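Colleague: Based on what follows, work out the 3D shape:
(one chain, ligands or ions: 1)
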Amino acid sequence: MGGRPLLVGLVGTGVGPSLTPALHMAEGRAHGLDYVYRTIDLDDVGVAPERIGEILTWARALGYDALNVTHPCKQLVIPHLDTVDAAAAALGAVNTVVFEADRTVGYNTDAPGFGTGFAEGLPGADTDDVVLLGAGGAGAAVGHALLELGTDHLVVVDLDVDRATALAGQLSARHPNARVDASAFDKLAVLLAQADGLVHATPTGMAEHPGLPLDEGLLHPGLWVADIVYRPLDTALLTAARRLGCRTLDGGHMAVHQATTAFELITGRAADAARMSRHFRSLVG
Ligand code: NAD
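Modeller: Below is the predicted model of the structure:
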């Protein structure tokens, strides 16, 4: 870092309102680092996401030390990296890029972020039989994390059945000892009746997409319910689940832990997860 600030960016579209810069910079300050974290909104700068390779070249040339990469560039960025960490390569998605002296390295902190957040927020929860609702990029990371946590039977459900089938196939190939199925949305009643838990990984429940992703009559008190939506933290799904007496996990746990892992990769220092969590929750309000 040699006397100049550590410079980090968040690249994607619609990243302006992101809480990540404030979260990283506060943690950096607590470590005594001169840590500057800026958003690079591709819409604002008028650069198509397909030109992410040029953004990497310029970011390195302009002195950036690292980038977080988000929608819609997590897959697009991969061909432009010198090295991709094995877990990120298997997921086919990178959300953290570190500019080392002689190479550019990609990582994915979403999957470990969910895994760590799950262990923190739902300790001892049974993970044998889990339903994953949402087979997008975040669903892929969560599915991988659940199988790493020891899930024996994972069922992937998405309104787009082809997406669910494709993700189930990828996860199954990487976790041959587990049973990973895809299922149609109208089978949720049967699936949830016998499941230990439900993870919700669609955008439903975000401030821009309010409401429930499924009929709340399908929930039951024997089910734990994890939401990865974190704006707001108390989604309609979690509110309904709590009313029934379900154990719940909000999306803040994953959001904080993907950030703690990224902070560590970028700075080489151990993040204080409890401090980052308190700060995150004060920012979300
Ligand atoms: P995405 O658009 O790639 O995928 C969303 C998927 O959900 C799509 O396949 C879509 O067909 C499906 N879907 C939408 N509504 C559905 C419904 N009612 N039932 C079943 N399937 C439905 O989005 P993504 O990148 O995977 O992100 C999803 C959400 O995850 C985001 O909106 C964000 O709120 C959240 N997220 C949270 C974190 C975190 O750290 N907590 C990290 C990443 C994303």
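Colleague: Could you list the contact residues of the stretch 51-200 of the chain toward the ligand?
Modeller: 71, 110, 113, 133-139, 158-160, 163, 185 (C-beta under 6 Å from any ligand atom). Heads up, the C-betas are built off the backbone N, CA and C, glycines and all.
Colleague: Mind checking the pLDDT average for stretch 187-198?
Modeller: Averaged over stretch 187-198, pLDDT sits at 98.
Colleague: now could you export just the CA positions of that stretch as CSV?
Modeller: C-alpha atoms of stretch 187-198 as CSV (Å, rounded to 0.1, in the frame of the first residue of the first chain):
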residue,chain,number,x,y,z
LYS,A,187,-44.8,-29.1,-6.3
LEU,A,188,-43.7,-26.8,-3.5
ALA,A,189,-46.5,-27.9,-1.2
VAL,A,190,-45.3,-31.5,-1.2
LEU,A,191,-41.6,-30.5,-1.0
LEU,A,192,-42.0,-28.1,1.9
ALA,A,193,-44.1,-30.5,3.9
GLN,A,194,-41.1,-32.9,4.2
ALA,A,195,-38.3,-30.4,4.1
ASP,A,196,-36.1,-29.2,7.0
GLY,A,197,-35.7,-25.8,5.6
LEU,A,198,-36.4,-23.3,2.8
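Colleague: what's the offset of that stretch from the middle of its chain?
Modeller: 23 Å (C-alpha atoms, centre = their mean, to the nearest Å).
Colleague: Return the set of buried residues in it.
Modeller: L188, L191, L192, A195, D196, G197, L198 (16 or more other C-beta atoms under 10 Å).
Colleague: picking up where we left off before, which among the residues of the stretch 51-200 of the chain next to the ligand count as buried?
Modeller: D110, G113, L133, G134, A135, G136, G137, A138, G139, D158, R163.
Colleague: just those residues now: which is nearest G251?
Modeller: A138 (9.5 Å; C-beta to C-beta).
Colleague: need the contact list for that closest one.
Modeller: Counting by C-beta atoms under 8 Å, 6 or more residues apart in numbering, A138 touches D110, A201, I228.
Colleague: Show the secondary-structure elements that the helix or strand that contains V131 is packed against.
Modeller: Secondary structure from DSSP states H and E places V131 in strand 129-133. Under the contact criterion of 3 or more C-beta pairs under 8 Å, 6 or more residues apart in numbering; DSSP states H and E, strand 129-133 touches helix 137-149, strand 153-157, helix 188-194, strand 197-200.
Colleague: quick one, strands of the stretch 1-150 of the chain?
Modeller: Listed in chain order, the strands of the stretch 1-150 of the chain (DSSP state E, counting those that start in this stretch) span 6-12, 35-41, 66-69, 83-84, 96-99, 104-107, 129-133.
Colleague: what lines up beside the fourth one in the sheet?
Modeller: Spelled out, that is strand 83-84. Applying DSSP bridges, strand 83-84 is found paired with strand 104-107 (parallel).
Colleague: Using CSV, list the CA coordinates for the partner strand.
Modeller: What follows is strand 104-107, C-alpha atoms only, in CSV (Å, rounded to 0.1, in the frame of the first residue of the first chain):
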residue,chain,number,x,y,z
THR,A,104,-5.4,-10.5,-11.7
VAL,A,105,-7.2,-13.0,-9.5
GLY,A,106,-10.9,-13.7,-9.2
TYR,A,107,-12.8,-15.1,-6.1
